[in-house]
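Asks: Turn this into a model:
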Amino acid sequence: MRITTRGRYALRASLALAKLGKDGSPISINNLAEQENISSVFLEQIFFKLRKAGIVSSVRGPGGGFCFAQPLEQLTVKKILDASGEELNLTARDKHSENCSRIERCLSHLVWTKATELINGFFSSITLASILENERFDPGSDKAGGIAS
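Replies: Presented below is the predicted three-dimensional model:
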């Protein structure tokens with residue numbers, strides 16, 4: 001698993017949008033790009049994917065921009081990474097794995113599958129709202145979101 005620049009920027013820009021658009025007002029791509037020092041062209045591509053996934057909506061015209069289409073309490077890091085095209089998958093796959101006759105009994109495959117489930121569960125438990133609350137991360141916490149106060 002590798003989180004690309006696109007995935008990292010999607011999360012950074014989403015957090016910037018959440019901070020800048022607290023009142024629900026749309027924030028322009030140029031404003032987000034300047035705030036996060038990300039190419040506005042690249043950010044447009046990312047936000048096209050986020051809009052297509054229903055994470056953000058856009059407002060056209062003067063004073064337009066992007067705002068969230070869902071409450072921050074429902075938007076998880078996993079949703080943002082998925083929408084940006086990141087695959088959170090540790091399963092060891094190569095060009096031969098599709099035809100592998102051992103896949104059902106392969107013990108190492110079971111390890112990668114379980115690790116993938118844990119990672120996806122972890123990123124699914126962290127919401128934008130919990131990040132903005134500026135709480136410290138504690139992956140072992142029983143508190144929702146893996147966040148401890």
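Asks: Residue 53: what's its closest spatial neighbour, skipping adjacent residues?
Replies: The spatially closest residue to residue 53, leaving aside those adjacent along the chain, is residue 83, at 3.5 Å (CB to CB, 6 or more residues apart in numbering). Where C-beta positions appear, they are placed from N, C-alpha and C, glycine not excepted.
Asks: Hmm, the one you found is touching residue 47, no?
Replies: No: using CB atoms under 8 Å as the test, residue 83 is too far from residue 47 to be in contact (9.9 Å).
Asks: Please tell me how far residue 120 sits from residue 133.
Replies: The span separating residue 120 from residue 133 equals 22 Å under the rule CB to CB, to the nearest Å.
Asks: Between these two, which has more neighbouring residues?
Replies: residue 120 (16 against 12; other CB atoms under 10 Å).
Asks: same for the helix or strand containing that one, what does it pack against?
Replies: In the assignment (DSSP states H and E), residue 120 maps to helix 107-125. Contacts of helix 107-125 with other secondary structure elements, assessed using 3 or more CB pairs under 8 Å, 6 or more residues apart in numbering; DSSP states H and E, are made with helix 77-84.
Asks: ok, now which ones touch residue 75?
Replies: Applying CB atoms under 8 Å, 6 or more residues apart in numbering, one finds that residue 75 lies in contact with 14, 55, 68, 127-129.
Asks: make it 6 Å
Replies: residue 128 (CB atoms under 6 Å, 6 or more residues apart in numbering).
Asks: Can you give me the distance of it to residue 90?
Replies: For residue 75, the distance to residue 90 (CB to CB) stands at 24 Å.
Asks: Okay, now the unreliable bits of the chain?
Replies: Segments of the chain classed as low confidence (criterion: pLDDT under 70) are 1, 91-105, 134-149.
Asks: can you give me the strands for it?
Replies: Listed in chain order, the strands of the chain (DSSP state E) span 56-59, 65-68, 136-137, 147-148.
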